[in-house]
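> return atomic coordinates for the entry below.
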Amino acid sequence: MAVALARAEQTNSGVDLRQRWHALKSTRQVRARDAANELGASEGALIASLCGAEGEAKAYRLREAQADIVKDIEALGPVMALTRNDHCVHEKIGPYVKISINPGTGLVLGEQIDLRIFPAHWRHAFAVLEETKEGLRRSIQVFDASGTAVHKIFQKPKTDVAAFSALIANWKSDNQDPNFNALAPLPKRKDRADAEIDVTGLRAHWRALQDTHDFFGLLREFDVGRLQALRLAGKDLAHQVKPEALAQTLESAASGETPIMVFVGNPGCIQIHTGPVKNLKRMGPWFNVLDPDFNLHLREDAIAGAWAVFKPTRDGIVTSLELYDEEGFCFAQLFGARKPGKPELQPWRDIVAALPKV
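Take a look at the predicted model:
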């Protein structure tokens with residue numbers, strides 16, 4: 001399907017795609033991501049088609065080294081940061097501060113906007129200008145080589161509009177081609193057979209962890225998939241809980257005013273909320289957090305597996321709830337709010353302990 005999509009985009013011009021998108025929007029209101037799926041294109045190709053357009057929506061290609069643009073976002077003041085995957089959308093409002101971007105990784109470490117950036121996936125960036133009921137809305141939208149959205153930054157009422165316009169002018173590329181040659185996504189990593197995994201060594205090294213970040217090294221060291229590791233580690237380190245654990249966790253955190261951390265990401269960016277959750281609402285398959293500065297939209301029907309996971313650290317056990325789709329992709333993680341050097345909150349441990357096991 002991905003290869004067919006890439007070939008379709010190579011044969012359809014950006015101008016043709018723009019016209020078909022305009023025709024679709026004339027029939028009903030539709031989000032760009034959904035319109036792209038309906039039109040047989042990637043979202044990146046759809047946004048690229050707006051280059052050179054006139055009217056209510058237009059886009060400008062931005063220069064290469066797209067992750068470096070994050071260094072200039074601080075000047076905009078409060079904006080809305082959006083990171084998503086197929087099943088979950090994470091939106092936070094605040095300024096970009098404490099920014100560092102290196103070739104391999106990048107960080108934004110503000111109290112509101114907290115990001116882990118992987119620049120290799122920031123391949124195409126656009127400034128998008130759209131007329132709305134509230135006036136002109138500016139955004140920066142970043143896509144990977146396949147045209148899948150990596151990260152977006154939206155103007156909000158307190159954003160410095162002059163600074164945003166200056167940023168777009170400074171980053172605007174000389175190349176404003178509306179065509180987009182999407183590459184097929186990289187094939188997903190296949191797990192080795194369970195029998196090939198050194199489970200005894202995996203458990204021993206897991207129990208010796210000193211920091212949650214060391215878990216990624218553990219998976220590499222034993223050449224084991226993340227979900228595979230949870231299955232093999234033993235119920236003292238990870239056990240499966242029922243899919244309704246997500247709603248129960250958020251409802252318990254809200255009613256008990258327990259601050260939590262919510263991680264949502266894709267290969268190019270991970271976005272983190274730290275703090276309370278208050279206004280919860282279910283809308284069809286979506287379970288939502290609708291707080292003033294934090295919105296979460298998560299498809300409960302995508303939860304093929306939910307796991308309670310326990311990682312030793314020098315500060316004690318760190319407990320998380322991890323959500324996986326049917327392909328084994330971890331699309332959301334929840335932790336108790338915690339600062340380095342401090343033990344995990346007992347109310348958070350109580351929330352996870354109360355989740356119904358499978």
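> confirm residue 21 sits in a strand?
No: judged by DSSP: H, G, I helix; E, B strand; the rest coil, residue 21 forms no part of a strand; its state is helix.
> list the residues that contact it.
The contact partners of residue 21, by Cβ atoms under 8 Å, 6 or more residues apart in numbering, come to 35, 39, 46, 49. No exception for glycine: its C-beta is placed from N, CA and C like everyone else's.
> go with 10 Å
Residue 21 is in contact with 30, 32, 35-36, 38-39, 41, 46-47, 49-50, 53, 57, counting by Cβ atoms under 10 Å, 6 or more residues apart in numbering.
> how near is the spatially most central residue of the chain to residue 221?
Most central in the chain under Cα atoms, centre = their mean is residue 265, positioned 2.8 Å from the mean C-alpha point. According to Cβ to Cβ, to the nearest Å, residue 265 stands 22 Å off from residue 221.
> quick one, strands of the stretch 151-300 of the chain?
238-241, 260-266, 269-275, 280-283, 286-290, 294-299 (DSSP state E, counting those that start in this stretch).
> dump those into CSV; add distance to residue 150 as well.
Below are the strands of the stretch 151-300 of the chain laid out as CSV (distance: least, Cβ to Cβ, whole Å):
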stretch, distance to residue 150
strand 238-241, 29
strand 260-266, 6
strand 269-275, 5
strand 280-283, 26
strand 286-290, 22
strand 294-299, 18
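> so which of these gets nearest residue 200?
Closest of the strands of the stretch 151-300 of the chain to residue 200 is strand 238-241, at 16.0 Å (criterion: Cβ to Cβ).
> using CSV, write out the CA atom coordinates for that closest one.
What follows is strand 238-241, C-alpha atoms only, in CSV (Å, rounded to 0.1, in the frame of the first residue of the first chain):
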residue,chain,number,x,y,z
ALA,A,238,5.6,-6.3,33.1
HIS,A,239,2.1,-7.6,33.0
GLN,A,240,-0.8,-7.1,30.7
VAL,A,241,-3.9,-5.1,31.8
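> so which elements touch that strand?
helix 226-233, strand 305-311, strand 318-324 (3 or more Cβ pairs under 10 Å, 6 or more residues apart in numbering; DSSP states H and E).
> using a markdown table, lay out the contacts of residue 21 together with secondary structure, distance to residue 89 and neighbour count.
Shown next, in a markdown table, are the contacts of residue 21 (DSSP: H, G, I helix; E, B strand; the rest coil; distance: Cβ to Cβ, whole Å; neighbours: other Cβ atoms under 10 Å):
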| residue | secondary structure | distance to residue 89 | neighbour count |
| --- | --- | --- | --- |
| 30 | coil | 16 | 15 |
| 32 | helix | 13 | 19 |
| 35 | helix | 16 | 18 |
| 36 | helix | 15 | 25 |
| 38 | helix | 19 | 12 |
| 39 | helix | 21 | 19 |
| 41 | coil | 20 | 25 |
| 46 | helix | 17 | 25 |
| 47 | helix | 17 | 28 |
| 49 | coil | 23 | 27 |
| 50 | coil | 21 | 23 |
| 53 | coil | 26 | 17 |
| 57 | strand | 20 | 19 |
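> which of the residues you listed lies closest to residue 96?
residue 47 (21.2 Å).
> hang on, that closest one packs against residue 148?
No: Residue 47 is not in contact with residue 148 according to Cβ atoms under 10 Å; the separation is 11.6 Å.
> between these two, what contacts are shared?
Joint contacts of residue 47 and residue 148 (Cβ under 10 Å, 6+ apart) are residue 36.
> contacting residues around residue 225?
Taking Cβ under 10 Å, 6+ apart, one finds 188, 189, 190, 191, 192, 197, 219, 231, 232, 328 in contact with residue 225.
> what about the fifth one, neighbour count?
Spelled out, it's residue 192. 13 (other Cβ atoms under 10 Å).
> need phi/psi at the residue lying closest to it once chain neighbours are set aside.
Leaving aside its chain neighbours, residue 192 sits nearest to residue 223 (6.2 Å; criterion: Cβ to Cβ, 6 or more residues apart in numbering). Dihedral pair for residue 223: phi 50, psi 60, per degrees, to the nearest 10.
> next one: residue 52
In terms of degrees, to the nearest 10, the main-chain angles of residue 52 are phi 80, psi 0.
> if we can go back for a sec, list the contacts of the residue nearest to residue 192.
Counting by Cβ under 10 Å, 6+ apart, residue 223 makes contact with 189, 191, 192, 196, 197, 198.
> in a markdown table, list those along with distance to residue 94 and pLDDT.
As requested, these are exported to a markdown table (distance: Cβ to Cβ, whole Å; pLDDT from 0 to 100):
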| residue | distance to residue 94 | pLDDT |
| --- | --- | --- |
| 189 | 34 | 88 |
| 191 | 38 | 96 |
| 192 | 42 | 97 |
| 196 | 45 | 98 |
| 197 | 41 | 98 |
| 198 | 44 | 98 |
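> out of those, who has the most neighbours?
The most neighbours of any of these, using other Cβ under 10 Å, belong to residue 197, which has 19 neighbours.
> roughly how far does the closest residue to that one other than its chain neighbours sit from residue 194?
Closest residue in space to residue 197, ignoring its immediate chain neighbours: residue 224 at 5.3 Å, by Cβ to Cβ, 6+ apart. According to Cβ to Cβ, residue 224 and residue 194 sit 9 Å apart.
> any shared contact partners between those two?
Common contact partners of residue 224 and residue 194 (Cβ under 10 Å, 6+ apart): 231, 232.
> thinking again about what came up before, what sits against the residue nearest to the centre of the chain?
Counting by Cβ under 10 Å, 6+ apart, residue 265 has contacts 83-85, 88, 90, 115-116, 118, 150-151, 271-272, 330-333.
> no more questions from me, cheers.
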